[in-house]
Structure formats: C-alpha cells, structure tokens
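Student: just need the structure, nothing else, for what follows:
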Amino acid sequence: MIENVKIDYLGWSGFQIKKNSGPNLFIDPPKGTEFPDDEIIILITHGHPEHLGGTIDHLSKSTSNHKTIIIATKPLCYYFKRRCIKSNVEFIYARTLETISPNPNYQITPFMWKHMPLLPPGIKNSIRHVWQLIKGYKHAFKILKMTLKGPNQIGDMLGYIVKLKDKNIIIYGEGLHRHCRSKDVAIIGAIAPRSTILVACEPEDINELPNLIYASEADEAIIYEPHRPWRDQFGLPHIDLMTLQKKVADMGIHARIAL
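Tutor: As a prediction, this is how the structure comes out:
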C-alpha cells in the first residue's frame, strides 16, 4: 500500500489513483467510470475501444466545469477533441521519455511498448482460440463494430512512469508479456526503482511475468486480467492470478490482485 495514495481498479485496464492532495489521476477509464466533480488527469495508453469509453463520455456528456487534462498520443488527442463539448480541457501530446508535469503533484514520463499477443503460442492453441472466436461470432461482430467506430490512427502504445512525492508508479498497460525482454523492462525500472507496477496479465504469460516484474525493480505489483469479460464471452481460459501472485511473492515482491 502506497502511503497517502490509493489505487482503485476500474475494470478492463482502468485505474484511479487518489492522493491526499492534488487531482485524481485516471488511467484508461472504461465506460461507466464515475469521475469526481473536481480537477482530474487522464492518461491513455492506447486507442483500443475499451480504453476510451470513459474519457469519451466524460468529454461529450459531462457538465462539470472543473479542469480536465488529457495525456495521450497526438492522434488520440485529436480524436478526443472532435468529441469534446467541455471548455476547460487541456490536451497534452505524450512523447516518449519526455517528462510532463501537468500538476505540481505529478511528474509523468511516457514510454513505448508493444501490445500483448492476440493469439496464444503454438499452432493448435491458436486454432482453438480462433475457433472459440468463430463460435462467438455475435460477440466478435460487436467488438469489430466498436473498433471500426474508434480512431483511424492511434499512434504509439504508451506506458507511463508516474513520480509522486510518496512513491513511483509504473503503468505498463497491456505491454508486459512473453515477448518482452528483461533488459528493456530493467531500463524503465531504473528510471523509477522501488515502484508499484501495474501489470495486465494473460494466461499464456504466467511463466514469464514473475521474471519481468523482478527485472522492473518494483517493490509492489498490482496484477489484473484486462480482458476477462471478453474471455468469458468466448469461453477462453483465464489466468490463475493467485498462482501468479505467489510466484511474484516468492521473488520478494509484494503482489496484490486487482478485482
């Protein structure tokens, strides 16, 4: 638990970071997120539809006059601007490894990552995965339709290093997985050692994730399964978060499950 900071899971890859002072910080708030009637900062990791819904609703429907700061890639900022009816909104283009200070309470440094693989390893597993998607074609069509309504361009996929007075937080979005190299994770971890790291988890990455989390030099990991609703819809397997939690704890790192 970070002193004077509370991290709440909002579903999908969404989080809310609350401090005793300063604006609340939101990461990829999903549709249905309840925002405080106060100044907020929103970080967007990438432009997949389930990561944008809460921000779009806030900008297009909210009547709050409090300031909103959006930090995202340039294409996503343009996408949000076209849907924004609020007047007190500041859009900040996130550039890799360029530190942003949107508020005296936060220093935010974006970094690039590659999205977790869409298919599991192995031809048989991939065929089985695709077959489950075909059987759930109605759900697949809805997801495709939602994606086509989203932005045409999304720019880089971004994680964020958030430096606070009390603690540092590393936000990997959906970018920590079996194709990552430990040395690349260590480079980010060296910028903000002894951090709390937010880690999206899929079942195919359970063996690699403990070593990657260890390479980050984090002293706490918050682990979660971002696509659980879709996996339920398609009958796909879930990751055993309790087993992963134990694997990480065995490496001397405090781990907690976000549900």
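Student: and after the lowest-mean-pLDDT helix or strand in the chain, which helix or strand comes next?
Tutor: When each helix and strand of the chain is scored by mean pLDDT, DSSP states H and E, helix 137-148 comes last, with a mean of 88. Proceeding C-terminally, helix 137-148 gives way to strand 158-163 as the next helix or strand, assigned by DSSP states H and E.
Student: distance from that following strand to the middle of the chain?
Tutor: 10 Å (Cα atoms, centre = their mean, to the nearest Å).
Student: which helices and strands sit right next to the next helix or strand after that strand?
Tutor: Past strand 158-163, heading to the C-terminal end, the next element that is a helix or strand (DSSP H and E) is strand 168-171. Counting contacts by 3 or more Cβ pairs under 8 Å, 6 or more residues apart in numbering; DSSP states H and E, strand 168-171 is packed against strand 158-163, strand 196-200. In short, each C-beta sits where N, CA and C put it, glycine included.
Student: pull out the buried residues from strand 168-171.
Tutor: For strand 168-171, a neighbour-count test (16 or more other Cβ atoms under 10 Å) marks 168-171 as buried.
Student: on that earlier part again, of the helices and strands packed on strand 168-171, which stretch is the most buried?
Tutor: Comparing those by mean neighbour count (mean count of other Cβ atoms under 10 Å), strand 196-200 comes out on top with a mean of 26.
Student: contacts for that strand, please.
Tutor: With Cβ atoms under 8 Å, 6 or more residues apart in numbering as the test, strand 196-200 has contacts from 2, 7, 13, 15, 27, 116, 167-176, 209, 213, 216, 218-226, 258.
Student: could you pick out the buried ones from those residues?
Tutor: Going by neighbour count (16+ other Cβ under 10 Å), these have 2, 7, 13, 15, 27, 116, 167-176, 209, 213, 216, 218, 220-226, 258 buried.
Student: where along this structure do the strands fall?
Tutor: Secondary structure of the chain (DSSP state E): strands at 5-11, 14-19, 24-27, 40-43, 68-72, 89-93, 100-103, 106-112, 158-163, 168-171, 196-200, 220-224, 254-257.
Student: please render those strands as JSON lines that adds distance to Lys142 and mean pLDDT to the earlier fields.
Tutor: Below are these laid out as JSON lines (distance: least, Cβ to Cβ, whole Å; pLDDT from 0 to 100):
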{"stretch": "strand 5-11", "distance to Lys142": "17", "mean pLDDT": "94"}
{"stretch": "strand 14-19", "distance to Lys142": "20", "mean pLDDT": "94"}
{"stretch": "strand 24-27", "distance to Lys142": "24", "mean pLDDT": "96"}
{"stretch": "strand 40-43", "distance to Lys142": "25", "mean pLDDT": "97"}
{"stretch": "strand 68-72", "distance to Lys142": "25", "mean pLDDT": "97"}
{"stretch": "strand 89-93", "distance to Lys142": "29", "mean pLDDT": "96"}
{"stretch": "strand 100-103", "distance to Lys142": "35", "mean pLDDT": "92"}
{"stretch": "strand 106-112", "distance to Lys142": "30", "mean pLDDT": "96"}
{"stretch": "strand 158-163", "distance to Lys142": "27", "mean pLDDT": "96"}
{"stretch": "strand 168-171", "distance to Lys142": "28", "mean pLDDT": "96"}
{"stretch": "strand 196-200", "distance to Lys142": "22", "mean pLDDT": "97"}
{"stretch": "strand 220-224", "distance to Lys142": "23", "mean pLDDT": "97"}
{"stretch": "strand 254-257", "distance to Lys142": "28", "mean pLDDT": "96"}
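Student: which of those sits closest to Ser126?
Tutor: Smallest distance to Ser126 across these (Cβ to Cβ): 20.2 Å, for strand 196-200.
Student: next, the angle from that closest one to strand 5-11.
Tutor: 0 degrees (axes from the mean of the first three to the mean of the last three Cα atoms, to 10 degrees).
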